[in-house]
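>>> Following is a predicted model, sequence given first.
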Amino acid sequence: DAKTTQPPSMDCAEGRAANLPCNHSTISGNEYVYWYRQIHSQGPQYIIHGLKNNETNEMASLIITEDRKSSTLILPHATLRDTAVYYCIVRVNFGNEKLTFGTGTRLTIIP
Amino acid sequence: EPEVTQTPSHQVTQMGQEVILRCVPISNHLYFYWYRQILGQKVEFLVSFYNNEISEKSEIFDDQFSVERPDGSNFTLKIRSTKLEDSAMYFCASSLGSGAQHFGDGTRLSIL
């Protein structure tokens, strides 16, 4: 079972920042927080991951609380193409460790 | 940017027939995975593969399923005798080591 809790759905206005929360209160010290998204029926797309420090890449920013029990994915300027299901997954960083997907957050960007 | 490619994009097969789904992982990746997603349900792990052997498999991955890396580039999933409940999207993924898994766009398998 997934070890994370996410709201089932969110809306965000186009051009605004989309902030997607995730709770992972039972995260272990060696587990990373990963974010993926799935646009329609395409394959899951990797977005970002982190252990305890905040991370930023060209797609998004990841803010992890100091106690590591929750995190927020930030899409700084949401576009219509960001409409997707977003998955927050905790995982140890061994090479063959599987990803356990939950039901995610369905993010809808409103024009 | 390198990507994982899967063929075919859609496979229609009669129940009881064998099917092989093909994947070309990212070229320098070492770890390979199959996942599936039944329509409207979660993405589920099937199997992971490293150094020419299965590392982990789920309960779904029973004796009807097998994986193979027949050459240096392809990674295949075979279902020996398909059932109606095997109808799903099948996703291949690969990773370099620890870190992100990168997914293909999937094969839609329809069992009639």
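That came in fine, so what should we check first? Numbers count the residues shown, from 1 in each chain, chains lettered A, B, ... in the order given.

>>> Pull out the buried positions in stretch B:82-94.
Of all the residues in stretch B:82-94, those buried under the rule 16 or more other CB atoms under 10 Å in any protein chain shown are B:82, B:86, B:87, B:88, B:89, B:90, B:91, B:92, B:93, B:94. (Each C-beta comes from the backbone N, C-alpha and C, glycine too.)

>>> And residue B:106, how close does it get to residue B:9?
8 Å (CB to CB, to the nearest Å).

>>> Which residue of those two possesses the greater neighbour count?
Taking neighbours as other CB atoms under 10 Å in any protein chain shown, residue B:106 and residue B:9 compare with residue B:106 leading, 25 against 10.

>>> Tell me which residue of chain A lies closest to chain B.
Chain A approaches chain B most closely through residue A:43 (3.5 Å), counting by CB to the nearest CB.

>>> And for that residue, the neighbour number?
24.

>>> who in chain A is up against chain B?
For chain A, the residues in contact with chain B (CB under 8 Å from any CB of the partner chain) are A:34, A:38, A:41-46, A:49, A:87, A:93-103.

>>> one more time with 10 Å, if that's ok
With CB under 10 Å from any CB of the partner chain as the criterion, chain A meets chain B at residues A:2, A:32, A:34, A:36, A:38, A:41-49, A:85, A:87, A:89, A:91-104.

>>> Which of those fall within helices?
Secondary structure from DSSP state H places none of the residues of chain A next to chain B in helices.

>>> Chain neighbours aside, what residue packs nearest to residue 42?
Since you didn't name a chain, this refers to chain A. Among residues not flanking residue A:42 along the chain, residue B:105 sits closest, at 5.3 Å (CB to CB, 6 or more residues apart in numbering or on different chains).

>>> I was after chain B.
For residue B:42, ignoring the flanking residues on the chain, the nearest one in space by CB to CB, 6+ apart is residue A:101 at 5.1 Å.

>>> my guess is that neighbour contacts residue B:101, does it?
No - using CB atoms under 10 Å, residue A:101 is not in contact with residue B:101; the gap is 11.3 Å.

>>> Surely residue B:32 and residue B:25 touch.
Yes - if you go by CB under 10 Å, residue B:32 and residue B:25 touch, sitting 5.5 Å apart.

>>> about what we covered before: how about the residue nearest to residue B:42, phi and psi?
With angles defined as degrees, to the nearest 10, residue A:101 sits at phi -90, psi 140.

>>> what's the distance between it and residue A:91?
Remark: distance between residue A:101 and residue A:91 (CB to CB) = 11 Å.

>>> Please say which of these two ends up with more neighbours.
Per other CB under 10 Å, whichever of residue A:101 and residue A:91 has more neighbours is residue A:101, with 22 against 19.

>>> Centre-most residue in chain A?
Nearest residue to the geometric centre of chain A (CA atoms, centre = their mean): residue A:35, 3.4 Å.

>>> who's in contact with it?
Applying CB atoms under 10 Å, 6 or more residues apart in numbering or on different chains, one finds that residue A:35 lies in contact with A:20, A:22, A:45-50, A:55, A:59-60, A:62, A:71-73, A:86-89, A:104.

>>> follow-up on the earlier one: need the overlap of contacts for residue B:32 and residue B:25.
Contacts common to residue B:32 and residue B:25, judged by CB under 10 Å, 6+ apart, are B:4, B:49, B:69, B:75, B:92, B:93, B:94, B:95.

>>> Which members of these additionally contact chain A?
B:4, B:49, B:92, B:93, B:95.

>>> Just name the closest of those residues to chain A, please.
Taking CB to the nearest CB as the measure, residue B:95 is the one of those closest to chain A, at 6.3 Å.
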